[in-house]
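In: Provide a 3D model corresponding to the input given below.
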Amino acid sequence: MPAATRRVVLAANSLWNIVNFRAGLIRGLKTAGYEPVVLAPADDKLNDRIQALGVRHVPVAVDRSGLNPVGDLKLLAAYRRAVNELRPAAFLGFTIKPNIYGCMAARSLGIPAVANISGLGTVFIRSGPLLALVTALYRFALARAVVFFQNADDRALFLERRMVRADQARLIPGSGIDLSRYAPEPVPDGPVTFLLIARLLGDKGVREYAAAAKLLRPELPDARFQLLGPLDHENRTAIARSELDRWVAEGIIDYLGETDDVRPFIARASAVVLPSYREGMPRSLLEGAAMGRPLVATNVPGCRELVTDGVNGYLCAVRDAGSLADQMRRMAQIASPERQKMGDAARKRVQDEFSESVVIDAYLDVLGKLSAAES
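Out: Have a look, this model is predicted:
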């Protein structure tokens with residue numbers, strides 16, 4: 001492959017997504033001799049981290065939750081200008097708008113595209129008239145792309161709706177996890193500490209978590225119910241700051257703010273919780289499992305691929321604070337050695353099935369085949 005065609009574009013709706021979820025892939029691409037270039041909105045807070053990765057960043061503004069057709073056409077044009085200038089060997093899309101409009105731009109220029117469906121988002125969770133439009137956009141944008149799915153349910157839904165063909169669709173284990181960075185830590189003794197790591201969105205089950213904590217507080221007075229993650233005012237299901245402040249004032253939730261490194265918080269937790277309505281492959285559960293923490297999660301696509309009830313954690317019903325409270329109560333009532341046993345099982349599951357190296361190898365395989373096809 002000539003040097004000029006070793007360039008690969010990675011596009012996401014935020015620079016945060018790239019530095020937190022794609023750093024390992026970027027390092028793997030560079031090791032294999034590719035030149036990664038990132039297309040994502042500017043974020044001054046992350047300049048040092050993107051520079052540390054040694055990649056070029058081309059700012060492309062993305063309105064993550066906007067539904068303005070004019071704005072989306074401008075995004076399509078921005079992607080087309082950037083991709084046309086860079087002329088990469090392939091366009092790698094992450095998150096909804098880059099997957100749709102970035103893949104459209106690449107297709108219009110004859111550039112191979114690889115889309116990563118990391119989750120279906122609010123449109124698919126809540127359905128409604130917007131779903132038909134998004135389905136049509138996906139169908140057109142992905143017509144010639146290789147499409148990675150992070151769980152079999154999402155793949156089946158895209159096939160059922162004819163958004164992709166079976167020959168395009170491949171499964172990968174989420175974004176993968178760096179097993180050396182997320183090393184196991186002993187589960188702490190003492191009163192149980194639950195930790196939910198997520199953007200503060202209704203679709204992540206944050207309200208159910210607060211309601212479950214309120215139910216459990218009288219019978220588990222020493223338990224801690226922690227919440228770690230950013231407020232996301234752009235999202236249509238965002239938790240309001242006033243709502244969060246009320247939970248904290250009532251002594252229901254310990255809000256830990258946001259961080260670039262979740263590991264110290266996981267190390268102090270007894271179990272990691274995620275009551276999400278639907279996921280691709282949830283990063284917070286992968287991180288918790290890799291560090292040897294038992295899990296409590298909803299029995300939905302994405303979560304149930306990682307959690308086996310009674311083995312490495314417990315599964316609860318979706319949108320059901322009472323069911324979540326029941327499973328958190330079970331976790332609190334078992335002895336610390338039993339939680340450690342579950343945590344060990346969680347770590348082994350990640351080692352066996354969700355290593356970052358599997359994801360990197362899948363991308364390198366696709367890029368190698370695209371190169372061979374063009375030779």
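
In: Walking through the stretch 151-300 of the chain, point out its strands one by one.
Out: Applying DSSP state E, counting those that start in this stretch to the stretch 151-300 of the chain gives strands spanning 169-171, 193-197, 224-228, 254-255, 271-274, 295-298.

In: Nearest to Ala78, out of the ones you listed?
Out: strand 169-171 (27.8 Å; CB to CB). C-beta coordinates here come from the backbone N, C-alpha and C atoms, glycine included.

In: Go through that closest one and flag the buried ones.
Out: Within strand 169-171, the residues scored as buried using 16 or more other CB atoms under 10 Å are Ala169.

In: Where do the domain boundaries of this structure fall?
Out: For the chain, the structural domains run 3-176+355-374, 193-353, going by automatic domain parsing.

In: which residues of the stretch 201-350 of the chain fall in helices?
Out: Secondary structure of the stretch 201-350 of the chain (DSSP state H, counting those that start in this stretch): helices at 206-216, 241-249, 263-267, 283-290, 321-333, 336-353.

In: Pick the most buried one from the ones you listed.
Out: Most buried of the helices of the stretch 201-350 of the chain, by mean neighbour count (mean count of other CB atoms under 10 Å): helix 283-290, with a mean of 26.

In: Mind listing residues that contact that helix?
Out: If you take CB atoms under 8 Å, 6 or more residues apart in numbering as the criterion, helix 283-290 is touched by 20-21, 174-177, 179, 182-184, 195-198, 262-263, 266, 269, 271-272, 274, 295, 297, 303, 306-307, 312, 346-347, 349-350, 354.

In: could you say which helix or strand contains Phe97?
Out: That one is not Phe; residue 97 is Lys. In the assignment (DSSP states H and E), Lys97 maps to helix 96-97.

In: What count of nearby residues applies to Leu295?
Out: Counted with other CB atoms under 10 Å, residues neighbouring Leu295 total 29.

In: Correct me if wrong: Val19 contacts Ile50.
Out: Yes: Val19 is within contact range of Ile50, at 6.0 Å (criterion: CB atoms under 8 Å).

In: related to what we said a few turns ago, and the helix holding Lys97, what does it pack against?
Out: Here helix 96-97 touches no other helix or strand, going by 3 or more CB pairs under 8 Å, 6 or more residues apart in numbering; DSSP states H and E.

In: Pull the CA coordinates from stretch 178-195 and hand them back as PDB.
Out: What follows is stretch 178-195, C-alpha atoms only, in PDB (Å, rounded to 0.1, in the frame of the first residue of the first chain):
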ATOM      1  CA  ASP A 178      -7.100  -2.500  28.000                       C
ATOM      2  CA  LEU A 179      -6.600  -5.300  30.500                       C
ATOM      3  CA  SER A 180      -3.300  -3.900  31.700                       C
ATOM      4  CA  ARG A 181      -4.700  -0.400  32.300                       C
ATOM      5  CA  TYR A 182      -7.800  -1.700  34.100                       C
ATOM      6  CA  ALA A 183      -6.100  -4.200  36.400                       C
ATOM      7  CA  PRO A 184      -8.000  -6.100  39.100                       C
ATOM      8  CA  GLU A 185      -8.300  -4.600  42.600                       C
ATOM      9  CA  PRO A 186      -9.600  -6.500  45.700                       C
ATOM     10  CA  VAL A 187     -13.300  -5.800  46.400                       C
ATOM     11  CA  PRO A 188     -13.300  -3.700  49.600                       C
ATOM     12  CA  ASP A 189     -14.700  -4.900  52.900                       C
ATOM     13  CA  GLY A 190     -17.200  -3.000  54.900                       C
ATOM     14  CA  PRO A 191     -20.600  -1.500  54.000                       C
ATOM     15  CA  VAL A 192     -21.400  -1.900  50.300                       C
ATOM     16  CA  THR A 193     -20.700   1.000  47.900                       C
ATOM     17  CA  PHE A 194     -22.600   1.000  44.600                       C
ATOM     18  CA  LEU A 195     -21.200   3.000  41.700                       C
END
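
In: ok, and for it, which residues are buried?
Out: When burial is assessed from 16+ other CB under 10 Å, stretch 178-195 yields the following buried residues: 178-179, 182, 184-185, 187, 192-195.

In: and the two most separated of those?
Out: Asp178 and Val192 (27.3 Å).

In: just the CA coordinates of stretch 347-362, formatted as PDB?
Out: Provided in PDB are the C-alpha atoms of stretch 347-362 (Å, rounded to 0.1, in the frame of the first residue of the first chain):
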ATOM      1  CA  ARG A 347     -12.600 -10.200  35.200                       C
ATOM      2  CA  LYS A 348     -12.300 -13.600  33.600                       C
ATOM      3  CA  ARG A 349     -15.200 -13.000  31.300                       C
ATOM      4  CA  VAL A 350     -13.600  -9.800  30.100                       C
ATOM      5  CA  GLN A 351     -10.200 -11.500  29.600                       C
ATOM      6  CA  ASP A 352     -11.800 -14.300  27.600                       C
ATOM      7  CA  GLU A 353     -14.100 -12.200  25.400                       C
ATOM      8  CA  PHE A 354     -13.700  -8.500  25.500                       C
ATOM      9  CA  SER A 355     -10.000  -7.700  25.200                       C
ATOM     10  CA  GLU A 356      -9.100  -4.500  23.300                       C
ATOM     11  CA  SER A 357      -6.700  -6.600  21.100                       C
ATOM     12  CA  VAL A 358      -9.700  -8.400  19.500                       C
ATOM     13  CA  VAL A 359     -11.200  -5.000  18.400                       C
ATOM     14  CA  ILE A 360      -7.900  -3.800  17.000                       C
ATOM     15  CA  ASP A 361      -7.400  -7.000  15.100                       C
ATOM     16  CA  ALA A 362     -10.900  -6.800  13.600                       C
END
